[in-house]
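>>> here is my input; please provide its structure:
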Amino acid sequence: MSEPKPSAPGSSSESYAERRRSQRVVIAMPVIVRGKHGGKQFEEETTTVSVSANGCLVRLGATVVRAQEIAVVNPKTAEELPSIVTFVGLKDGNKTEVGVEFGEPSPLFWRIAFPPPDWDAAERKRPTGMRPPVKPAK
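Below is the predicted model of the structure:
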């Protein structure tokens, strides 16, 4: 289940982010990843780099390969979802960025509110010229 490649600059087709199935949120959330490598079970506590209704990006010390079946556990709820490794990045130190896709979309797994589909971070309101509140004189 690979994601589509980004459009070439200047192409008239919709952008990579517009084709995404669900919004990504960059957030560090604790997770436990369970799996098997070389016939040996592993369980690793880590944090997410980003999350979506369809999966997450994590940094793992354990060795995994694309298409490998793993499980992602939300330690706050003990909910466990069967998942597939969809991306294995370069190793940085003793950790590797790993893209994980849930067996089925599970937006409630993270217990966070995702932005609406038409949300654009570039258009969000930012405070302009705000000053801290003035303390009343004693």
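>>> contacts for stretch 48-55, please.
By C-beta atoms under 8 Å, 6 or more residues apart in numbering, the surrounding residues in contact with stretch 48-55 are 20-29, 31, 56-59, 72, 83, 86, 97, 99-102, 105-107, 110, 112, 114. (Each C-beta comes from the backbone N, C-alpha and C, glycine too.)
>>> among those, which ones are buried?
Neighbour-count burial (16 or more other C-beta atoms under 10 Å) applied to the contacts of stretch 48-55 gives 23-25, 29, 31, 56-59, 72, 83, 86, 99-102, 106-107, 110.
>>> and these, which of them are in helices?
Secondary-structure check on the buried ones among the contacts of stretch 48-55 using DSSP state H: no residue lies within helices.
>>> so which of those belong to strands?
Judged by DSSP state E, strands contain the following of the buried ones among the contacts of stretch 48-55: 25, 31, 56-59, 72, 83, 86, 99-102.
>>> could those residues be laid out in JSON lines, adding pLDDT and distance to Thr46?
Formatted as JSON lines, these follow (pLDDT from 0 to 100; distance: C-beta to C-beta, whole Å):
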{"residue": "Val25", "pLDDT": "90", "distance to Thr46": "17"}
{"residue": "Val31", "pLDDT": "98", "distance to Thr46": "6"}
{"residue": "Cys56", "pLDDT": "97", "distance to Thr46": "10"}
{"residue": "Leu57", "pLDDT": "97", "distance to Thr46": "11"}
{"residue": "Val58", "pLDDT": "98", "distance to Thr46": "5"}
{"residue": "Arg59", "pLDDT": "97", "distance to Thr46": "6"}
{"residue": "Val72", "pLDDT": "98", "distance to Thr46": "10"}
{"residue": "Ser83", "pLDDT": "98", "distance to Thr46": "14"}
{"residue": "Thr86", "pLDDT": "97", "distance to Thr46": "17"}
{"residue": "Gly99", "pLDDT": "97", "distance to Thr46": "14"}
{"residue": "Val100", "pLDDT": "98", "distance to Thr46": "11"}
{"residue": "Glu101", "pLDDT": "97", "distance to Thr46": "17"}
{"residue": "Phe102", "pLDDT": "97", "distance to Thr46": "16"}
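>>> can you redo those residues as TSV with distance to Gly93?
Shown next, in TSV, are those (distance: C-beta to C-beta, whole Å):
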residue	distance to Gly93
Val25	25
Val31	19
Cys56	20
Leu57	16
Val58	15
Arg59	9
Val72	22
Ser83	24
Thr86	22
Gly99	18
Val100	20
Glu101	25
Phe102	27
